[in-house]
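Student: sharing a model that was predicted from the sequence below.
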Amino acid sequence: TLPPCVTDDRTLDSIHRSPFPLSTAPLPHIASHPQDTPTHMSTTSYSCMCGSFSATLTGDPALACWCHCLMCRKQTGAAMQLGVWTPASFAVSQGDDGLIKYGSSGGVFRNSCGTCGSFCYKVLPDGNIVAPLGALEPPVEPTCHIFVKDKGEQKVMFADLPQHAAFP
């Protein structure tokens, strides 16, 4: 079945599968330093460029990364700063009905604003939500790189961060 926030009539099985399947294992919490892990649940909101879409995230992401997969690079033209949250930590405040909902590779649903084109969030096959770190205030810094095997000749910024062939 489709994740609850996807209002599309396609099924996950009808979407092209990537030769690099996404892990369905729960993602570990990755913090840059132990002291960076808060003891309380913080909440942050973000929106698209035009303000038609907004959402709220609660707590820290399970993963904060630079993604080098082909689909993220096609969507943005470069590696994308992403954070992964559980569905319970994500709430759309407004504008979900105005999003372009695209089923891309591996059963991932990418959602962009139908007005300004901003990437708003995506839904992974396991139901986890991916949000753009660059849109958050205060910012959340990536702690690693993922899908570096897919980056081709593209240079890796912040090469001192851990690099993973897929999800860690």
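Tutor: Sure thing, it's come through. Please read these numbers as outputs of a predicted model, since none were measured by experiment.
Student: need the strands for the protein, in chain order.
Tutor: Using DSSP state E, the strands found in the chain span residues 43-47, 54-58, 63-67, 80-85, 90-94, 99-103, 109-113, 119-123, 129-132, 144-146.
Student: so which of these comes closest to M157?
Tutor: For M157, the closest of these is strand 63-67, at 7.4 Å, according to Cβ to Cβ. C-beta here means a position set from N, CA and C on the backbone, and glycine is covered the same way.
Student: first-to-last residue distance for stretch 127-145?
Tutor: 21 Å (Cα to Cα, to the nearest Å).
Student: wait, stretch 156-168
Tutor: 17 Å.
Student: pull out the buried positions in it.
Tutor: 161, 163-164, 167-168 (16 or more other Cβ atoms under 10 Å).
Student: would you turn these into TSV with distance to T56 and pLDDT?
Tutor: Listed next are the buried residues of stretch 156-168 as TSV, based on distance: Cβ to Cβ, whole Å; pLDDT from 0 to 100:
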residue	distance to T56	pLDDT
L161	27	83
Q163	31	86
H164	28	85
F167	24	75
P168	26	77
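Student: closest to V108 among those residues?
Tutor: Closest approach between the buried residues of stretch 156-168 and V108, by Cβ to Cβ: F167, at 12.2 Å.
Student: and the closest one, how far from T44?
Tutor: 23 Å (Cβ to Cβ, to the nearest Å).
Student: for G106, same thing?
Tutor: Counting by Cβ to Cβ, the gap from G106 to T44 is 27 Å.
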